[in-house]
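Trainee: What follows is a predicted structure for the sequence shown.
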Amino acid sequence: MPLLDDTGFVPDPWTRLADDRPAPEGARVIVSLARLREQGPPAGAAALGVHVAPEDDPEAVAEAAARAALISVGFSSFADGRGFSVARRLRAAGFAGELRAFGPLIADQFAALRACGFDAVEIPEALAARQDEAQWLAAARSMTLGYQRGYALPGRNILEARRAAREEAAR
Amino acid sequence: MYRYDEFDAAFVAQRAAQFREQVRRRLSGALTEDEFRPLRLMNGVYLQLHAYMLRVAIPYGTLDAEQMRMLAHVAEKYDRGYGHFTTRQNIQFNWPQLKDIPDILDDLAGVRMHAIQTSGNCIRNVTSDPLAGVAADEIEDPRPTAELIRQWSSLHPEFTFLGRKFKIAVTGAENDRAAVAVHDVGLRIVRGPDGEIGYRVLVGGGLGRTPMIAKTLREFLPRAHLLPYLEATLRVYNLLGRRDNKYKARIKILVHEMGIDAFRAAVEDEFARLDPEASAPDPAEVARIAAYFAPPAYPELPDACPALERARRAHPEFDAWVRRNVHPHKVPGHAAATISLKPIGGAPGDATAEQMRLMADVAERHSMGELRITHEQNVVLPHLRKDELFQVWRMLASQGLDAPNRGLVTDIIACPGLDYCALATARSIPVAQAISRRFADPALQERIGPLAIKISGCINACGHHHVGHIGILGLDKAGVESYQITLGGDPTDDAALGERTGPGFAFDQVPDVVETLVRRYLELRQPGETFLQTYRRLGMTPFKEALYAAA
Ligand code: SF4
């Protein structure tokens, strides 16, 4: 499915592997959390990615994160916002690999997804056809100010900007 | 009052531009109606029975004269010349065109107003005590806390697609006038063991189909931990709250199903894992916000006011208004007053553009430019001089804004009901109007004393009927409106949910039902007892008998 990062649509170097499929030699593969727990990492893969769902046991997710270079977080619909918190938790726990949001998400959520720690979004073809790259990039930059500290918001953080202004004034 | 700085102003302007673009993308087909829906809801735009409705935020119910004038302008230019103040201290415009809404948002942004998160499954407009900053029983002004939460919750990247709406209320007074116990999170400003100020955090209250009184999540939360603790609470809710059934998706259901102890453990665990320093505002920022709410420069006045006493003696109607609608103020020689939006036979909470302009004028001339909206759908003038109360009253009377009924039987809360709302199962405004006409006599109202009637047009309970001393819920029974009555509800400190009397009544019967209940109360009450006290003393039986025995 089409993949976007902050530069727009990009080729996907990863392959999603059905639970009964072996890994192609030297490929970067994404497997389900269930498969990883039952079978361990697939033999021959060059890099391991794991797909998790919001209802997956947080302990198991944390365990997988320790072994994976990529975590794909599933969204059942764009209105199901649990994945935002899953990403936040993974980043807070120190996961430094690639974090990908997977599901029918919309352009208007791009900035928030990235603010919560996602690097990229993988969306269905039909959605990508309706919302082209220009819309995704424009929506991601429609706000250049935000209030929340501790999130990777686009543009300026208002609280930090105020703090800087205070320090400037004090000097 | 809080004033936007350049960043707040730019933020709100960007948000309005963003919505303009979203409307354009909806019209071009880039966004489906399903995708557009939550986006427009997060900007306060509902699709109602007859038209779009725009709900504008009045954060914690505070606004100035200029903002009130802008609401009048919006009512006149884009609507039918009036607006409806809601139980959440917001205002709704019932007849705007979708194509005009971006322009309305631009106009509002010009006076530091917005419609951000007045609906949708996100953190809603934070509500507070309408007497904040002036009440004599206040530990601390709750508005700096409310403003901090307003900013923090605006377009929060993690919490804008929650399982359901999320409402936060704050009070800083001993008497809770913000109904914090029926909110998803309620905050009470309290003093800690060493006298320092912090918060008691309540969670899981709410009305709707499954009304619940909130439980204590944290007995004492240090001030500096407020936002990180809210973040932990929201994260637990976002991750664990039910999403399979929208009627079970509020945090109250999660708290109920997990049990408060397990829920608390989950929040504390989450809180322990995050770094409070990373998300908390620095103390200078908290102080910056608080400074805006420093008390205005009141003139020094003696508390006794002979001019006021003379005017009261000379004008019995003014005297009645003072008795009912004027509140004590912490500064000598001053008072706060409620402008009732409940004239006899009127639609509760409605105000015309002319009335809004008049309220703005009165505020400018007599109340340091400030107004408050209450969750009882009235307006408060917070900073009046006692020696100007008579002039204020006369100005208000010129536009029919002088009803002396605050807290009385005709000060009825009613949701929009079947007249506007797509979800309604029954009318609610016409019921309020009929009851109001029945009790039109001011002397009778005063004899009855404090009595809160609250009416909802369906089980979603926007009219807060569960916490009405008399609650009225309009249902649909095989195509006919049927009104269920509850007694003994109370949103304040001893928060309680009302108890059902029995089978429902027809639309036409409701004024008789209320009259029967009131008459029974007048027969049974002991000297000085209110309706609620009599009910609490005697219970349901005598009232039930009065209602059903004759039938
Ligand atoms: S209680 Fe029902 S009818 Fe009344 S406003 Fe709410 S949803 Fe509409």
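Mentor: Yep, it's here.

Trainee: any idea how far B:Glu481 lies from B:Gln48?
Mentor: 19 Å (Cβ to Cβ, to the nearest Å). (Glycine included, C-beta is placed from N, CA and C.)

Trainee: Contacts only, for B:Ile104.
Mentor: By Cβ atoms under 8 Å, 6 or more residues apart in numbering or on different chains, the residues touching B:Ile104 are B:54, B:74, B:78, B:93, B:96.

Trainee: Looking at those, spot the one nearest A:Asp12.
Mentor: If you rank the contacts of B:Ile104 by distance to A:Asp12 using Cβ to Cβ, B:Leu54 comes first, at 41.7 Å.

Trainee: quick one, phi psi at the closest one?
Mentor: With angles defined as degrees, to the nearest 10, B:Leu54 sits at phi -110, psi 120.

Trainee: and it, how many neighbours?
Mentor: Residues near B:Leu54, counting by other Cβ atoms under 10 Å in any protein chain shown, number 29.

Trainee: Which stretches in chain A count as strands?
Mentor: Assigned by DSSP state E, the strands in chain A fall at A:3-5, A:8-10, A:14-16, A:28-32, A:47-52, A:70-74, A:98-102, A:120-122, A:145-146, A:156-157.

Trainee: re earlier: scan the contacts of B:Ile104 and report the most crowded one.
Mentor: If you rank the contacts of B:Ile104 by neighbour count (other Cβ under 10 Å), B:Leu54 sits at the top with 29 neighbours.

Trainee: can you tell me which residues contact the residue in chain A that chain B sits nearest to?
Mentor: Closest approach between chain A and chain B, counting by Cβ to the nearest Cβ: A:Gly81, at 2.8 Å. Contacts for A:Gly81 were tallied using Cβ under 8 Å, 6+ apart; they are B:121, B:158-163, B:238.

Trainee: roughly how far apart are it and B:Gly349?
Mentor: Taking Cβ to Cβ, one finds A:Gly81 at 32 Å from B:Gly349.

Trainee: for the longest helix along chain B, packing partners?
Mentor: Taking DSSP state H as the criterion, chain B has its longest helix at helix B:6-28. Judged by 3 or more Cβ pairs under 8 Å, 6 or more residues apart in numbering or on different chains; DSSP states H and E, helix B:6-28 is in contact with helix A:133-140, strand A:145-146, helix A:158-170, helix B:33-41, helix B:101-109.

Trainee: same thing but 10 Å
Mentor: Counting by 3 or more Cβ pairs under 10 Å, 6 or more residues apart in numbering or on different chains; DSSP states H and E, the packing neighbours recorded for helix B:6-28 are helix A:133-140, strand A:145-146, strand A:156-157, helix A:158-170, helix B:33-41, helix B:101-109, helix B:143-153.

Trainee: Buried residues, the one helix or strand in chain A whose mean pLDDT sits lowest. List them.
Mentor: Across the helices and strands of chain A, mean pLDDT, DSSP states H and E gives its lowest value to helix A:58-67, namely a mean of 90. By 16 or more other Cβ atoms under 10 Å in any protein chain shown, the buried positions in helix A:58-67 come out as A:61, A:64-65.

Trainee: And stretch B:431-442, by the same measure?
Mentor: Here stretch B:431-442 shows B:431-436, B:438-439, B:442 as buried, counting by 16+ other Cβ under 10 Å.
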